[in-house]
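Student: Here is a sequence together with a model predicted from it:
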Amino acid sequence: MHHSRFSTEGFHLVYVTGDIHGDITRFSEKELKLLKKQDTLIICGDFGFIWNGSKSEQRTLKQLNKSPYTIAFLDGTHENFDLLEEYPVREWNGGRVHQIMDNIVHLMRGEIYNIEGMDIFTFGGGESPDRDLRRDLSRDGEAMWWQREMPSSQEVQHSAQNLENHNLTVDFILTHEPPASIKHFLNLDGSQTHILNTYFDEISKTCQFKRWFFGSCHIDKPVSQRHTAIFRDVTPLNPPVKRQRRRS
């Protein structure tokens, strides 16, 4: 008789999910409870747990740091970039990160990481649809908007050079914003595309990749054969291979 099973010995999974927005309950959901020691969870922007530097926030980060898996997040638009950039820059799986805690890292813009044998290009940031409102609120009190949510020309150049160095070929592309053509196709709220979306269109046309995940649209939807909007889904990038094992 044949019995199928998943081969997981010495094999660690890399999962991707969408915006968290500082919602600690997301980590208690059954999908994330399946993650095991040395697995990796990548969040496509708007992590949201680095916002005001309060003692409560630090306690929450320490709680998340106890997760058996690594938490790696892209920046979105709802981050405190002043606080984020105070964390030390370290090398992690071939790319640069801000080391938040032992088990929590911020994946920097334009980096390429090799995780479980997969080359993964990341580029966070975007333009807040409520930018004007948040800018006005910032003037009245604590900061609510940072210009750094949009990339610098140096970050774009750095990312382009990294892709060139990898022969314009990676396994996965993870961003907060989608390419302009994908955003236009979704047309969720009539929101306009910006220079970052246009740059992502160029990457989409010139680079070889298997799939591209982005988080800013807050939906779970495959938009094309290679572009997927992700929000609450938790999707493995390297699902274990199902194999047949013979038993007598």
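Tutor: Ah, there it is. These numbers were taken from a predicted model, which means no experiment stands behind them.

Student: Could I get the buried residue list for stretch 95-107?
Tutor: 95-98, 100, 103-107 (16 or more other CB atoms under 10 Å). To be clear about C-beta, it is placed using only N, CA and C from the backbone, and glycine gets the same treatment.

Student: any weak-confidence spans in this protein?
Tutor: Where the chain drops to pLDDT under 70, the residues are 1-10, 128-147, 188-193, 242-248.

Student: ranges for the helices of it?
Tutor: Here the chain has its helices, by DSSP state H, at 30-33, 55-65, 81-84, 131-140, 153-165, 180-186, 195-206.

Student: now what about the first one, what contacts it?
Tutor: Read it as helix 30-33. Helix 30-33 has contacts (CB atoms under 8 Å, 6 or more residues apart in numbering) with 17, 26, 41, 233-234.

Student: That helix: how far from the chain's middle?
Tutor: 18 Å (CA atoms, centre = their mean, to the nearest Å).

Student: Also the fifth one?
Tutor: When C-alpha coordinates are averaged (CA atoms, centre = their mean), helix 153-165 and its chain have centres 18 Å apart.

Student: what does it contact?
Tutor: 109-112, 121, 123, 170, 199, 203, 207.

Student: Return the member of those nearest to residue 218.
Tutor: Proximity of the contacts of helix 153-165 to residue 218 (CB to CB) peaks at residue 123, which lies at 18.6 Å.

Student: So what sits opposite that closest one in the bridge?
Tutor: For residue 123, the beta-bridge partners are residue 175 (DSSP bridges).

Student: Could you measure from it over to residue 12?
Tutor: 24 Å (CB to CB, to the nearest Å).

Student: neighbour count winner among these two?
Tutor: Taking neighbours as other CB atoms under 10 Å, residue 123 and residue 12 compare with residue 123 leading, 29 against 16.

Student: Tally up the residues packed near residue 182, please.
Tutor: 23.

Student: do residue 160 as well
Tutor: Neighbour tally, residue 160, other CB under 10 Å: 16.

Student: if we can go back for a sec, nearest approach to residue 91 belongs to which of the helices of the chain?
Tutor: Using CB to CB, the helices of the chain put helix 153-165 closest to residue 91, at 13.9 Å.

Student: pull the CA atoms of that closest one into CSV?
Tutor: Extracted in CSV, the C-alpha atoms of helix 153-165 (Å, rounded to 0.1, in the frame of the first residue of the first chain):
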residue,chain,number,x,y,z
SER,A,153,16.5,58.0,-5.7
GLN,A,154,19.4,56.2,-4.0
GLU,A,155,17.1,53.4,-2.9
VAL,A,156,15.8,53.0,-6.4
GLN,A,157,19.3,53.0,-7.9
HIS,A,158,20.5,50.5,-5.2
SER,A,159,17.6,48.1,-6.0
ALA,A,160,18.2,48.4,-9.8
GLN,A,161,21.9,47.6,-9.2
ASN,A,162,21.1,44.6,-7.0
LEU,A,163,18.8,43.2,-9.7
GLU,A,164,21.4,43.7,-12.4
ASN,A,165,23.9,41.8,-10.2
